[in-house]
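In: sequence and predicted structure are below.
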Amino acid sequence: KMISTNGGVVSTSTSARIRSSSFTPTDGRHYRIVASSTNAGSTYDIYNAKIIVDQDLGWYNSDWSYRKAITIDNTKVSGTADLTNFPVLVDLTDSNLASNAQTDGDDILFTTSDGKTRAYHEIEKYANGVGELIAWVKVPTLDGDSDTTLYMYYGNSATSSEQTAPWVWDSNYKGVWHLGETSGTVSNDSTVNGYNGTKTSATQPANTSSGRIDGAQSYDGTDMYIRLPNNSDLQMNQDDSMTIEAWVKINSLTTDRLIVGYDNNDNLDGDAPSARNLYDMGVSTAGKFYIDFGPSSGLTSATSVASLAISTFYHVVMVRDVASDVARIYINGAQDLSVTDVTTGSWNTTGQYPLIGRYNNLSSAYFDGIMDEVRLSATARSVDWITTEYNNQNATSTFYTIGTQENKPTGTFTKVEPQYLLANTKLASGTGLQ
């Protein structure tokens, strides 16, 4: 059956419904339905013709009673180019959440600006008594020159957990460790890879609520560290771009303090290949952020211009950009230094495990302080990405604004019950019926 509206063919199937995305009915008015056939020599039945008002209310699902708009300030997004699949930190305390969300926050979900398309999210913390929420939301397109709107939905007592944590982190993320665990020896990796770390013991390092983003791990500078899995995704070789980042607060600088390190010459298990490759980043006794990577015979090394003060949180980032043949250091969202990648020699591919908080091949340089939000990416993150991360994580209250609570709509138009306006009518070729 061929049915058309406003001159456009809607369907050529044997059963069809006219839908018009451009036509908006108004209460109290009469409308005329027109059907026509242009297929020569054929006759068609028109039956069960009726008016059905399809209204797009822009609401995710009628099972959710409430939502709030989250509007991201484009001036806090570095550069003018859009950032794709960017994980935005949402950190808020909201009395409406406390009153209307499930006690464990399972019904909380996020959508993009259309109010219907899901945006993946991971909840790091939810305290229902006060409605405190710390969540990461994957924004498909974070606009660099216009504000970006998300919607946070809640108020569904029947649903199970709506979290989609592994999908928040794009495929370039090889590991994301929030380091907020309060018990046990496992430091969970939030990515789909599941590269969970193992602590020295349940209390080494120790959980602290004084992290930069929710909880973190506190190191004593003596014997505490986290061992990550032996996997090539977490190692570095000749052709590998990489970004490593963390929030750190140093307690003392009596010796170098390693943040993250990998060395396949590892004295923890006695492995000592003839050729080594490694990477590390840490803070020197002079308070300088330093990085090293490459074969031991031809390392690229760099030390920051700026100094890090003790008892202060810093966002530190190491980038190796193979395409540009450079290494970069970022501190608090700003590029501190860029140097040429001068690595030479043979890279040994014998695997080992990276460590958070100590060197592999030296029983020294243990981290002393608080460490939070360690991430490793198999790509060279851009300056705009890194600056936007810092802007978001350092000051969520200015990164976005939260709208007022919206209630589930009940509809704008009066419901029109189906009415048989045309029934069992023959429509001959080239004719029309109005």
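Out: Noted; the coordinates are in hand. Just so you know, these numbers come straight off a predicted model, no measurement behind them.
In: and the residue nearest to the spatial centre of the chain, what are its bridge partners?
Out: Centroid-nearest residue in the chain: residue 87, 2.5 Å away (criterion: Cα atoms, centre = their mean). Residue 87 has these beta-bridge partners by DSSP bridges: residue 138.
In: wait, it touches residue 136, no?
Out: Yes: counting by Cβ atoms under 8 Å, residue 136 is a contact partner of residue 87 at 4.9 Å. (C-beta placed from N, C-alpha, C; glycine too.)
In: give me the common contacts of these two.
Out: residue 168 (Cβ atoms under 8 Å, 6 or more residues apart in numbering).
In: next up, the contacts around residue 114.
Out: Contacts of residue 114 (Cβ under 8 Å, 6+ apart): residue 58.
In: that one looks like it's in a helix, true?
Out: No: read with DSSP: H, G, I helix; E, B strand; the rest coil, residue 114 is coil and lies in no helix.
In: so what's it scoring on pLDDT?
Out: On the pLDDT scale, residue 114 is placed at 95.
In: same thing with residue 144?
Out: Reading off the model, residue 144 has pLDDT 93.
In: next, residue 258: secondary structure please.
Out: Under three-state DSSP, the three-state class of residue 258 is strand.
In: can you pull up the bridge partners for it?
Out: Counting by DSSP bridges, residue 258 forms beta bridges with residue 282.
In: isn't it up against residue 354?
Out: No: judged on Cβ under 8 Å, residue 258 makes no contact with residue 354 at a distance of 10.8 Å.
In: the more surrounded of these two?
Out: A direct count of neighbours by other Cβ atoms under 10 Å for residue 258 and residue 354 places residue 354 higher, at 27 against 24.
In: show the contacting residues for the more buried one.
Out: For residue 354, the contacting residues are 228, 234-235, 260-262, 360, 376, by Cβ under 8 Å, 6+ apart.
In: okay if I get the residues you listed as a markdown table plus neighbour count?
Out: Listed next are the contacts of residue 354 as a markdown table, based on neighbours: other Cβ atoms under 10 Å:
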| residue | neighbour count |
| --- | --- |
| 228 | 25 |
| 234 | 23 |
| 235 | 22 |
| 260 | 28 |
| 261 | 24 |
| 262 | 24 |
| 360 | 24 |
| 376 | 27 |
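In: from these, which single one is nearest residue 150?
Out: Nearest to residue 150 among the contacts of residue 354 is residue 376, at 26.4 Å by Cβ to Cβ.
In: any idea which element the closest one lies in?
Out: When secondary structure is defined by DSSP states H and E, residue 376 falls within strand 368-377.
In: tell me the helices and strands packed up against the next helix or strand along the chain from that strand.
Out: Scanning forward in sequence from strand 368-377 by DSSP H and E, the next helix or strand is helix 383-394. Here helix 383-394 touches strand 83-93, strand 242-250, strand 313-321, strand 326-331, going by 3 or more Cβ pairs under 8 Å, 6 or more residues apart in numbering; DSSP states H and E.
In: now those in a markdown table, with distance to residue 141 and mean pLDDT?
Out: Shown next, in a markdown table, are the helices and strands packed on helix 383-394 (distance: least, Cβ to Cβ, whole Å; pLDDT from 0 to 100):
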| stretch | distance to residue 141 | mean pLDDT |
| --- | --- | --- |
| strand 83-93 | 6 | 98 |
| strand 242-250 | 21 | 97 |
| strand 313-321 | 23 | 97 |
| strand 326-331 | 23 | 97 |
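In: ranges for the strands of the stretch 201-350 of the chain?
Out: Ranges of strands in the stretch 201-350 of the chain, per DSSP state E, counting those that start in this stretch, are 206-208, 216-220, 226-227, 242-250, 257-263, 277-283, 288-295, 300-307, 313-321, 326-331, 334-340.
In: who does the following helix or strand past the last one touch, helix- and strand-wise?
Out: Using DSSP H and E, the helix or strand that directly follows strand 334-340 along the chain is strand 355-356. For strand 355-356, the helices and strands in contact under the criterion 3+ Cβ pairs under 8 Å, 6+ apart are strand 226-227, strand 257-263.
In: which of those strands comes out lowest on mean pLDDT?
Out: Ranked by mean pLDDT, those bottom out at strand 257-263, with a mean of 90.
In: could you dump it to CSV, C-alpha only?
Out: Coordinates of each C-alpha in strand 257-263 appear next as CSV, following Å, rounded to 0.1, in the frame of the first residue of the first chain:
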residue,chain,number,x,y,z
ARG,A,257,58.8,9.9,45.4
LEU,A,258,57.7,7.6,42.6
ILE,A,259,54.0,8.0,41.4
VAL,A,260,53.8,5.3,38.7
GLY,A,261,56.6,3.2,37.3
TYR,A,262,57.3,0.2,35.1
ASP,A,263,60.7,-1.5,34.6
